[in-house]
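*Asks:* I'd like to go over a predicted model; first the sequence, then the structure.
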Amino acid sequence: MAVAHVPPSGTWYGATLKEWIFTTDHKKVGMLYFITSLVFFVVAGLFGLIIRFEQTAPGIHLPGMFGQEGADLYNYILTGHGAIMLLWWAVVVWGGGFANFLVPLMIGARDVAFPRLNSFSYWSFFGASLLVLLTLLPPNWIKMLWTGYAPYSMNDNAGPTSLYVLIVLLYSISSTGGSVNMITTIVSMRAKGIGWTKLNLFVHAIMAASLIQLFGVPALMGSVILLFTDKYLGTNFYNPMLGGDPLLYQHLLWFYSHPVVYVMILPAFGVFSEVISTMARKPIFGYISMALAIYAIAFVGFETWVHHMFVSGVPDWTRVLFSYTTLFVAVPTGIKIFNWVATLHKASIRYNTPMLFTFGGILMFLIGGLTGIPNAMVSIDLGISDSLFIVGHFHYVLGMALTFAAFSGIYFWYPKVTGRMYSEGLGKLSFWLMLIGANIMFFFQMYMGMANGMPRRYPDYPPIPEWVQLMQIQTVGALIMSVAILLSLINWVKSLWGPKADDNPWKSPSLEWSMTTTPVGPNNFKKFPVEVPDDWHPYAYYKGYHAHI
Amino acid sequence: MRKILVLLALSSGAMAEDIFAYPRAYWENSVTVWFWVAVAIYLIVAIPSVYFMVKYHYKPGKNEEGEHIEGNTALEIVWTVIPTIIVLFLGTYSFANFVKQRQAPEGALELKVTAFMWGWEIEYPNGKKVYTFFNQVADPEKNIYLMPEKIDDSVKAYIPAGKPVKVYCTSRDVIHSFFVHEARVTEDCVPGRITKLWFQFNKPGEYWVFCREYCGTWHSRMATVLKAVSEEEFNKWLGPTQGAQQPAPAEQAPQQATQ
C-alpha cells in the first residue's frame, strides 16, 4: 500500500503549487472547489448590492455602455447574481467543497472512489468559471437570467446564447462526475461496521443530492442543447412560428431546476443535524425518520416542477395536481424541523458560533418553509407569481437558510481543516448582524410582493411613496448583511494565525473528528483501516460514551 | 381550524357589498387562511424551541451531557400525520378558490391582448385597438415612471367598472405576462398559444397592468393602465359596435343567414 510513502506527520495541505494543480486528493480538490465557490459568492454578493442600489429609488441609475442601456446592465447583473449564487455557491459549496472534504472522512475512506474523475470534475467546473468571467465584457453580457427561458434566450436581446449553453454544459459535466463519485464512494467505501443507519446525516444528504443530480442534470443538458440547435442549426423545438413549443423548455428546465433546490438545501439540513447534535450533546432525535425524510424530499421533489409554471398557460387540472404534490414536500421537511426542536429537549446546549448560525439557519428555513406554502397553493400563486414575494421566499430558504448553514459548517469544521481556532467574538458579532440584516432585507421583500404586488426583475418601478420606502428599508438590511459577511470573511483569514486547535475540540464521536489529527494528515486517519466499536454511532452523545473516543 | 373558517365566512359575508376587485377577493380568502395556519405553525415550533433553548442551556457541572433519548415513534407519527391533514386542507381550500379565480362569469367583456417587446396591443370586440409602448409610461427627461394620472388617456385601455372582463392573451415574440396588478391575477402570454384570465373592478379608477414574465431590456417598463369607468362612459369611449358600423342593416341579414 502507498501508506508508507507519505510522512504521517504532515498536514493535508502541505504541498507544492504543482501538487495543488495536479492533485487528486479529495481534501485538496474539495478545497479548490470551496475557494472557487467562496470567491464567486463574494462576486455575486457584490452583484446583489448593485441590484439593491438600482432599486433603492425609481428610475434607471446604472450607466448604459457599449451600445447597451443601463437596464441591460441591470439585467446582466441580475442574471449573474442568480446564476452564480445558485450554481457556483449553493450547489458547489456542498457537492464540491464540503462533500469532497468531509464524506470520505465521515465514512472512514482514504479518498473518493474515482480520484482522477474528481480532479477532472473540478477542472471542468473551473473551465465553466473562466467562461463566466468572460461574460464581464459588455458584448458578452448574458441577460437571459439563469433560467434562460425560450424563446427569449434565442433573441439577440438576451446576449450570446452559445456562451450560456457552453457554460451550462461544462457545469453539467462537472456535476455529473461529482455525483457519480459521491454515490459510488458512499455505497462502496464505508469502513467496516458503518452501516446505512450509522451514517452521518450529512452523508445521507449528499447521497440524496447526488442521486438528484444524476437523474436531473440530463434534462438540463437536453434543454440547453435543444436551445443551441434551435438558435444556430435551424431546428424548431421551441420556436412557435415553426411548430415548436416554448413550454417544452420550461418543462425540461424545471424538471432539473426544481429538484436542484433540494441538492442545495439537503446538505444544509445535514449541517444543521451535525451541529445541533454536537453542540446540544444529544443524539439526533428520530435518526431513522430524519434519514428517510431526506430521501422522501428528494423523491417528492421530482414530482413538483410545474409549480414554477402555474401561470404559464398549462391546463388548469395540471396546476391543481401539482399544487397538491408541491404541498406534500411540507410533510418531510416538517418532520425534520420537529426533530431538530425535539433534539433540544433535555439537552446541554453550547451557544458557540456554529450553533448560533445553525439556530439562525433553522429559523430562516422555518419562515422560508411557511412562506413557501403560498407558492404551492395555486389559488394564491395566481396573485404572487413572479412578484417580489417569491424572491423574498427563496432568499429565506436558498439564500439565507443555506448561507447560514454554510457559515455554520465553515465555523464548525474550521479547526479540523486549518488546525486553528476561529475567533468566537467576531463570529458571534457576524451572526447577529447577519440575522438582523437578512430579516430586514427579505421580510420586507416578501411583504412588498404580497401586500403591494410588486413584480420581480424590475430595475424601475412607478414612484409610489410606499414602494420607495419599502425598497429603502431593504437596502438598509442588505448593507447590514454585507458587513456581517465581511466580518466572517475577515475572521476566517485572520484565524489562520489563531490559536492551535485540538484533534477533537467538540468531543464528537463522528469519524472526521475522533479518528483524525488536526489538521487532517495526508492519510486521513490515525489508523487505517478504520475500525469502530459495535455501539459506535456518529451521534452517540451521552454519558459514558466518550470512553470510546 | 373550524373557528377560523367560520370567522372567515362571516367576515367575507360582511364584506360582500364592498368587494373591490375580482378575483382578488378569492385570492384574499386563500391568503387569509394560509396566513393564520402559518402563524399557528410558527408558534408551535418557536415556543417550545425558545423554551428548550433557555431551559437546557449548558451549565458547567450541572448538565455536562444531554439525556440519552433517541426518538419517540408515537410523537414522530403525530407530526407526520397532522401536517399531512393540514396540507390536504390547504390544497383543497386553494382548489376551491382556484376554480372561481379561473371561471369568468357569463357576459364578460372579451379583450384580445397581444404582448410584444415592449408593449401591449389591446383589441376590443368592435375592433377598436389600444396600443401602449414602454416609452409612453415614462417621462423621457427625468427617466422615471409617470403615475397613471399623468399618462395620456389615449394609451389607456378603458373598461366598465362593475362588469367582468375576460382577457385572451398571446404574444408576438417572447413570453410576457399580463398582470392586472390590483386584481392580483396574472397569466403568461405565450407565442403560439392563447391563454386566458378574467378580472373585475367594482370601483372606477386607474389600475396598472405590468408585464410579469422577464422579457428583456424594458421589461420593467412594459406597463399599461386600465381605466375603469361607468358602463355609460365606457360605451361612449368604445364607440359603435361592429354591427352598428355596418352601413345598412339590410346587408347584415343575409350574412347572418349564411352563418
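*Replies:* Alright, I've got the coordinates. Numbering: from 1, shown residues only, chains lettered A, B, ... in the order given.
*Asks:* thought residue B:84 was touching residue A:331?
*Replies:* Yes. Using C-beta atoms under 8 Å, residue B:84 is in contact with residue A:331, at 5.4 Å. C-betas here are computed from N, CA, C, even on glycine.
*Asks:* which residues of the stretch 401-549 of chain A lie near chain B?
*Replies:* Residues of the stretch 401-549 of chain A lying close to chain B by C-beta under 8 Å from any C-beta of the partner chain are A:450, A:453, A:455, A:457-464, A:541-543.
*Asks:* which among the residues you listed end up buried?
*Replies:* Buried subset of these (neighbour count, 16 or more other C-beta atoms under 10 Å in any protein chain shown): A:450, A:453, A:455, A:457, A:458, A:459, A:460, A:461, A:462, A:541, A:542.
*Asks:* pipe the residues you listed into JSON lines and attach secondary structure per row.
*Replies:* Converted to JSON lines, these look like this (DSSP: H, G, I helix; E, B strand; the rest coil):
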{"residue": "A:450", "secondary structure": "helix"}
{"residue": "A:453", "secondary structure": "coil"}
{"residue": "A:455", "secondary structure": "strand"}
{"residue": "A:457", "secondary structure": "coil"}
{"residue": "A:458", "secondary structure": "coil"}
{"residue": "A:459", "secondary structure": "coil"}
{"residue": "A:460", "secondary structure": "coil"}
{"residue": "A:461", "secondary structure": "coil"}
{"residue": "A:462", "secondary structure": "coil"}
{"residue": "A:541", "secondary structure": "coil"}
{"residue": "A:542", "secondary structure": "coil"}
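*Asks:* report the lowest-confidence entry in those residues.
*Replies:* Minimum pLDDT across those is recorded for residue A:542, with 79.
*Asks:* quick one: that one from residue A:15, how far?
*Replies:* 40 Å (C-beta to C-beta, to the nearest Å).
*Asks:* please apply the same query to residue A:544.
*Replies:* Counting by C-beta to C-beta, the gap from residue A:544 to residue A:15 is 41 Å.
*Asks:* helix/strand/coil for the residue of the stretch 1-150 of chain B found nearest chain A?
*Replies:* Using C-beta to the nearest C-beta, the single residue of the stretch 1-150 of chain B nearest to chain A is residue B:66, 3.0 Å away. Classification of residue B:66 by three-state DSSP places it in coil.
*Asks:* neighbour count for residue A:544 and residue A:15, which is higher?
*Replies:* Applying other C-beta atoms under 10 Å in any protein chain shown to residue A:544 and residue A:15 shows that residue A:15 carries more neighbours, namely 16 against 9.
*Asks:* how is chain B divided into domains?
*Replies:* For chain B, automatic domain parsing gives the domain ranges B:2-60+B:72-102, B:109-240.
*Asks:* ok, which of the ones you listed comes nearest residue A:410?
*Replies:* Nearest of the domains of chain B to residue A:410, taken as C-beta to C-beta: domain B:2-60+B:72-102 at 22.5 Å.
*Asks:* mean confidence for that closest one?
*Replies:* Here the average pLDDT along domain B:2-60+B:72-102 is 86.
*Asks:* can you give me the strands in the stretch 1-150 of chain B?
*Replies:* With DSSP state E, counting those that start in this stretch as the criterion, the stretch 1-150 of chain B has strands at B:21-22, B:109-116, B:119-123, B:129-133, B:138-139, B:144-145.
*Asks:* can you name the residue of chain B nearest chain A?
*Replies:* Closest point on chain B to chain A, by C-beta to the nearest C-beta, is residue B:192, at 2.6 Å.
*Asks:* will you turn the strands of the stretch 1-150 of chain B into JSON lines that also has distance to chain A and mean neighbour count?
*Replies:* As requested, the strands of the stretch 1-150 of chain B are exported to JSON lines (distance: least, C-beta to the nearest C-beta, whole Å; neighbours: other C-beta atoms under 10 Å in any protein chain shown):
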{"stretch": "strand B:21-22", "distance to chain A": "11", "mean neighbour count": "22"}
{"stretch": "strand B:109-116", "distance to chain A": "12", "mean neighbour count": "20"}
{"stretch": "strand B:119-123", "distance to chain A": "14", "mean neighbour count": "21"}
{"stretch": "strand B:129-133", "distance to chain A": "14", "mean neighbour count": "17"}
{"stretch": "strand B:138-139", "distance to chain A": "8", "mean neighbour count": "18"}
{"stretch": "strand B:144-145", "distance to chain A": "4", "mean neighbour count": "20"}
